[in-house]
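Chemist: Following is a predicted model, sequence given first.
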Amino acid sequence: MTQRLVRGLLAVALLAGVGIALSRSVRIQDPLEPDGPLASRVPAGPARTATLMLTVQLDANGVHVLQATRKPDLEWVARRNDAQLVHRWTMRDALGAVIATGGFDPARICLDPAHVGRGPHMEGDVTIPHVDHTNLKVPDLPAFDRLEFTRLVDGVEQPFGVASKRALTLR
């Protein structure tokens, strides 16, 4: 029994040694790598879109961008349920053409203009503020000139703020 165990261990060690020797002597190259044999036939992938991270304040007067930070290593991806959200943004170029759209979902907030400047109020055991801050991601597009915010009120989109790229201090 001991001899069979020793022979088995020697066989495993021999196979491992052969595998290591082969892996060091032969480099298997992916044919689709940039310097692979098929590299010239592989189309370049789509360009990534970086992200602008915006910190915004919402109140009865609308949306105000407080801070904008470029995130070049964070790829912007549109959310799937943007069309269902009440608060929306539209990115436009200098000519006013739409270049991107999206939505965001801030916390529950009271937007009654008569309550501006007051402290939060209670609904049952829930505190409802009159000012909210949230972060939202938008694409960092070179053609970006302004960002228009809207909100749905009774099924109708109403303007809710504008942020010009020139007015933003990008970090």
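Modeler: Perfect, I can see it now.

Chemist: okay, and the helix or strand of the protein with the least pLDDT?
Modeler: When each helix and strand of the chain is scored by mean pLDDT, DSSP states H and E, helix 2-25 comes last, with a mean of 75.

Chemist: Return the list of helices and strands in contact with that one.
Modeler: Contacting helix 2-25 under the criterion 3 or more Cβ pairs under 8 Å, 6 or more residues apart in numbering; DSSP states H and E is no other helix or strand. All C-beta atoms are positioned from the backbone trio N, CA, C, and that covers glycine.

Chemist: for the following helix or strand past that helix, the distance to its chain's centre please.
Modeler: Counting by DSSP states H and E, the next helix or strand C-terminal to helix 2-25 is strand 51-59. The chain centroid and the centroid of strand 51-59 are separated by 13 Å under Cα atoms, centre = their mean, to the nearest Å.

Chemist: Heading C-terminal from strand 51-59, find the next helix or strand.
Modeler: Sequence-wise, the next helix or strand downstream of strand 51-59 (DSSP H and E) is strand 62-71.

Chemist: what's next to the helix or strand hosting residue 103, contact-wise?
Modeler: Here residue 103, judged by DSSP H and E, is contained in strand 98-104. Strand 98-104 is contacted from outside by 78-79, 81-93, 134, 136, 138-139, 141, 143-144, using Cβ atoms under 8 Å, 6 or more residues apart in numbering.

Chemist: Run me through the strand neighbours of that strand, direction for each.
Modeler: In the sheet containing strand 98-104, the strands it pairs with under DSSP bridges are strand 87-92 (antiparallel).

Chemist: Noted, bye for now.
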